[in-house]
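Student: starting from these lines, generate the structure:
(2 chains)
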Amino acid sequence: GAVVSQHPSWVICKSGTSVKIECRSLDFQATTMFWYRQFPKQSLMLMATSNEGSKATYEQGVEKDKFLINHASLTLSTLTVTSAHPEDSSFYICSAQEGGLRDNEQFFGPGTRLTVL
Amino acid sequence: AQRVTQPEKLLSVFKGAPVELKCNYSYSGSPELFWYVQYSRQRLQLLLRHISRESIKGFTADLNKGETSFHLKKPFAQEEDSAMYYCALATSYNTDKLIFGTGTRLQVFP
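Tutor: Residues are numbered from 1 along each chain as shown, chains lettered A, B, ... in the order given. Just a heads-up that it's a prediction; the model follows:
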């Protein structure tokens, strides 16, 4: 199947700094990319959906100024956690699909563990 | 609101025993249901989806709209089936958005 990569796989940062996480589709064109957040022993919670060249659509309760998403190309989306605080520590997972989910598969990245000190 | 419920956090069986991982959903429209699996230290991957009506790795799942369920079944569990299983729902008005359940960890003992 298609491959989605994330970088970095883990990051530790100080409170107040910003962190950028990259999500890449390696062998297909991702018209839509998704960002999820997963707390320990909990489910994946969708944060936002981004379509290439458009502004991301954020889920209710997700601060768009806090979690900046850019989907500038068909193979790259970035999530920037701005002014990170300890409560932002979590596992962030991206996924990508080419076309609609009804006819295609959504492929997941391996995740990025963010720890804010 | 749309919701996916997986009532069991952990399901433990012995090799060769039947397995049923429960999934119930809450959605008044026409749903699309999926099962995703995450093996140890691996990423989430699609196991099966109800519209394809496939049997993958011996697993099957039938959508029961009357009971709003999409339980995952396998007649004879294997040790390599040990993993985290997530049920997910996509709604007809936003067919790309997946709503996940909390997951069930399946442990298959030898």
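Student: every contact and neighbour count from this point should use C-alpha atoms.
Tutor: Noted.
Student: all strands for chain A, in order.
Tutor: For chain A, the strands defined by DSSP state E cover A:4-7, A:10-13, A:19-25, A:32-38, A:44-51, A:57-58, A:67-73, A:76-81, A:90-97, A:107-108, A:112-116.
Student: any chance of these in JSON lines with mean pLDDT and distance to chain B as columns?
Tutor: Shown next, in JSON lines, are the strands of chain A (pLDDT from 0 to 100; distance: least, Cα to the nearest Cα, whole Å):
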{"stretch": "strand A:4-7", "mean pLDDT": "96", "distance to chain B": "10"}
{"stretch": "strand A:10-13", "mean pLDDT": "96", "distance to chain B": "14"}
{"stretch": "strand A:19-25", "mean pLDDT": "96", "distance to chain B": "14"}
{"stretch": "strand A:32-38", "mean pLDDT": "94", "distance to chain B": "9"}
{"stretch": "strand A:44-51", "mean pLDDT": "92", "distance to chain B": "6"}
{"stretch": "strand A:57-58", "mean pLDDT": "92", "distance to chain B": "11"}
{"stretch": "strand A:67-73", "mean pLDDT": "91", "distance to chain B": "17"}
{"stretch": "strand A:76-81", "mean pLDDT": "95", "distance to chain B": "17"}
{"stretch": "strand A:90-97", "mean pLDDT": "95", "distance to chain B": "9"}
{"stretch": "strand A:107-108", "mean pLDDT": "94", "distance to chain B": "6"}
{"stretch": "strand A:112-116", "mean pLDDT": "96", "distance to chain B": "11"}
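Student: so which of these gets nearest B:Val108?
Tutor: strand A:44-51 (23.9 Å; Cα to Cα).
Student: for the closest one, output the C-alpha coordinates as CSV.
Tutor: What follows is strand A:44-51, C-alpha atoms only, in CSV (Å, rounded to 0.1, in the frame of the first residue of the first chain):
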residue,chain,number,x,y,z
LEU,A,44,-7.8,9.2,17.7
MET,A,45,-9.5,12.6,17.7
LEU,A,46,-9.6,14.4,14.3
MET,A,47,-8.1,17.9,14.7
ALA,A,48,-8.4,19.2,11.1
THR,A,49,-8.8,18.3,7.5
SER,A,50,-6.7,20.0,4.8
ASN,A,51,-7.0,20.0,1.1
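Student: packing partners of it?
Tutor: Contacts defined by 3 or more Cα pairs under 8 Å, 6 or more residues apart in numbering or on different chains; DSSP states H and E place strand A:44-51 against strand A:32-38, strand A:57-58, strand A:67-73, strand B:98-100.
Student: would a markdown table of the strands of chain A with mean neighbour count be doable?
Tutor: Converted to a markdown table, the strands of chain A look like this (neighbours: other Cα atoms under 10 Å in any protein chain shown):
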| stretch | mean neighbour count |
| --- | --- |
| strand A:4-7 | 21 |
| strand A:10-13 | 14 |
| strand A:19-25 | 21 |
| strand A:32-38 | 23 |
| strand A:44-51 | 22 |
| strand A:57-58 | 17 |
| strand A:67-73 | 19 |
| strand A:76-81 | 22 |
| strand A:90-97 | 25 |
| strand A:107-108 | 25 |
| strand A:112-116 | 20 |
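Student: reformat those as CSV; add distance to B:Ser30.
Tutor: Output for the strands of chain A, formatted as CSV (distance: least, Cα to Cα, whole Å):
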stretch, distance to B:Ser30
strand A:4-7, 29
strand A:10-13, 38
strand A:19-25, 30
strand A:32-38, 22
strand A:44-51, 21
strand A:57-58, 23
strand A:67-73, 30
strand A:76-81, 31
strand A:90-97, 22
strand A:107-108, 23
strand A:112-116, 33
